[in-house]
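In: Show me how the following folds:
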Amino acid sequence: MDYHTSSTTYTYDLDYGMSEPCQKINVRQVAARLLPPLYSLVFIFGIVGNMLVVLTLVNCKKLRSMTDIYLLNLAISDLLFLLTLPFWAHYAAAQWDFGNAMCQLLTGIYFIGFFSGIFFIILLTIDRYLAIVHAVFALKARTVTFGVVTSVITWVAAVFVSLPGIIFTRSQKESSRHTCSPHFPSNQYHFWKNFQTLKMLILGLVLPLLVMVICYSGILRTLLRCRNEKRRHKAVRLIFAIMIVYFIFWAPYNIVLLLTTFPEFFGLNNCNSSNRLDQAMQVTETLGMTHCCINPIIYAFIGEKFRRYLSVFFQKHIAKHFCKYCPFFQSESPERVGSVYTRSTGEQEISVGL
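Out: Numbering: from 1, shown residues only. Below you'll find the predicted structure:
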């Protein structure tokens with residue numbers, strides 16, 4: 001998944017069907033300059049955005065719906081994913097200085113955060129589909145209890161899917177530096193490497209996009225019957241934005257990962273192509289990581305109701321502390337915000353869920 005867990009050790013590579021070792025010194029030098037600042041930016045913006053989602057949901061919305069439960073878990077998934085980035089930034093700049101236990105622990109947190117994030121995006125998509133297309137059924141099915149149960153199952157599934165990456169990753173000294181990377185059994189090396197790539201491709205790109213296409217197609221058909229043309233157009237634009245953004249951020253990485261795993265199939269099993277693919281991996285993977293900074297904007301902040309809750313949170317918990325002598329201003333209570341929308345379930349989800 002992460003560049004730190006790719007097959008390369010930045011120095012030599014024999015995994016491209018080449019008869020002689022391929023030097024990766026330039027790849028390592030580019031990574032040392034490029035990755036630390038990019039990881040730092042993703043870390044800062046991602047932490048701020050997802051922490052705002054968590055604080056707003058817990059303090060203002062009080063987790064009253066299944067959507068709130070999924071949004072909270074998505075933010076937690078992204079936070080887990082992000083908390084590992086400072087360590088990978090140091091690794092890219094120097095070497096792995098944190099030992100084998102931390103190598104496996106942080107790899108596990110990284111993968112669990114990544115896969116759980118994908119699964120909760122899928123659940124949010126299905127949640128919206130039920131709320132808009134099957135509104136009557138959704139009134140009974142979309143409960144907080146069901147949201148908690150499915151969230152627990154999702155976390156268990158994320159841990160299970162992450163196990164191979166955790167088990168096979170270890171820290172050891174390679175050439176002149178310590179690394180943290182996967183080391184598959186020599187007699188099963190290609191099986192596990194191909195399995196990891198195909199798992200990433202299916203769960204990280206194909207499955208989410210398939211669910212989005214199916215669910216959002218049903219939502220679009222329902223929205224076309226919506227009388228409120230302005231709200232309908234806004235929701236339709238957002239639906240396409242969600243799918244296009246996900247594809248733009250994760251498709252390049254998965255394509256490069258596929259090319260890296262099967263270079264001989266695409267005629268790329270030479271040293272020059274190997275170096276180019278590794279550099280492309282650095283760029284596309286960082287682009288994919290940035291998606292966790294976009295998640296709060298797409299799934300939370302863009303909703304009118306959530307923005308009102310966010311405003312209440314700022315007024316109650318931040319403005320009071322930093323603006324003691326400012327003129328008093330009226331703030332809407334969470335209860336007031338929650339009662340603003342009294343439309344049907346379907347229209348609420350169009351304005352809030354989307």
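In: what about residue 192, how many residues close to it?
Out: 17 (other CB atoms under 10 Å). Backbone N, C-alpha and C define where each C-beta goes, glycine included.
In: Now for it: which residues touch it?
Out: 164, 168, 182, 184-185 (CB atoms under 8 Å, 6 or more residues apart in numbering).
In: Just the buried residues of those residues.
Out: Among those, those classed as buried by 16 or more other CB atoms under 10 Å are 164, 168, 182, 184.
In: Next, the last one: phi, psi?
Out: I take that to be residue 184. Backbone torsions of residue 184, given as degrees, to the nearest 10, read phi -80, psi 150.
In: Quick check: pLDDT value at it.
Out: Reported pLDDT at residue 184 in the predicted model: 90.
In: How about the secondary structure of the spatially closest residue to it that is not a sequence neighbour?
Out: Spatially, and ignoring its direct neighbours in sequence, residue 184 is nearest to residue 192 (4.1 Å; CB to CB, 6 or more residues apart in numbering). Recorded secondary structure, residue 192: helix (DSSP: H, G, I helix; E, B strand; the rest coil).
In: out of the buried ones among the contacts of residue 192, who's nearest residue 234?
Out: Residue 234 lies nearest to residue 164 out of the buried ones among the contacts of residue 192, by CB to CB, at 42.2 Å.
In: My guess is that closest one contacts residue 195. True?
Out: Yes. Residue 164 is within contact range of residue 195, at 7.2 Å (criterion: CB atoms under 8 Å).
In: Between the two, which contacts overlap?
Out: By CB under 8 Å, 6+ apart, no residue touches both residue 164 and residue 195.
In: Which ones among the buried ones among the contacts of residue 192 map onto helices?
Out: When the buried ones among the contacts of residue 192 are checked against helices (DSSP state H), the matches are 164, 168.
In: Just send the buried ones among the contacts of residue 192 back as JSON lines, with distance to residue 307 too.
Out: Shown next, in JSON lines, are the buried ones among the contacts of residue 192 (distance: CB to CB, whole Å):
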{"residue": "164", "distance to residue 307": "41"}
{"residue": "168", "distance to residue 307": "44"}
{"residue": "182", "distance to residue 307": "42"}
{"residue": "184", "distance to residue 307": "47"}
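In: Give the buried residues for the lengthiest helix in the chain.
Out: For the chain, the longest helix by residue count, based on DSSP H, is helix 99-133. Burial within helix 99-133, assessed by neighbour count using 16+ other CB under 10 Å, is assigned to 103-133.
In: Tell me where the chain has strands.
Out: All strands of the chain, identified by DSSP state E, fall at 12-13, 22-23, 169-174, 177-182.
In: mind putting those in a markdown table, distance to residue 41 included?
Out: Shown next, in a markdown table, are those (distance: least, CB to CB, whole Å):
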| stretch | distance to residue 41 |
| --- | --- |
| strand 12-13 | 29 |
| strand 22-23 | 30 |
| strand 169-174 | 25 |
| strand 177-182 | 22 |
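In: Show me where the stretch 201-350 of the chain dips below the pLDDT cut-off.
Out: Low-confidence segments of the stretch 201-350 of the chain (pLDDT under 70): 228-233, 303-304, 313-314, 317-350.
In: all helices of it, in order?
Out: Using DSSP state H, counting those that start in this stretch, the helices of the stretch 201-350 of the chain run over 207-223, 229-261, 271-289, 291-296, 304-313, 320-322, 334-338, 345-348.
In: Tell me which of these approaches residue 51 most closely.
Out: The minimum distance between residue 51 and those falls on helix 291-296, with 9.1 Å, by CB to CB.
In: what does the closest one contact?
Out: Applying CB under 8 Å, 6+ apart, the set of residues contacting helix 291-296 is 42, 45-46, 49-50, 52-53, 74-75, 78, 81-82, 117, 121, 245-246, 249-250.
In: and if you look at stretch 52-66?
Out: Contacts of stretch 52-66 (CB under 8 Å, 6+ apart): 68-69, 71-72, 75-76, 79, 127, 142-144, 146-147, 296, 300-301, 306, 309-310, 312-313, 316-317, 334, 337-338.
In: Now residue 142. Nearest residue, chain neighbours left out?
Out: Nearest to residue 142 is residue 66, by CB to CB, 6+ apart, at 4.4 Å.
In: Quick check: that neighbour vs residue 215, distance?
Out: For residue 66, the distance to residue 215 equals 15 Å [CB to CB, to the nearest Å].
In: between these two, which one's more packed in?
Out: Shown here are residue 66 and residue 215; by other CB under 10 Å, residue 66 has more neighbours (24 against 21).
In: Need the per-residue pLDDT for that one.
Out: Residue 66 is given a pLDDT of 89.
In: Show me which of the buried ones among the contacts of residue 192 is closest to residue 260.
Out: residue 182 (12.9 Å).
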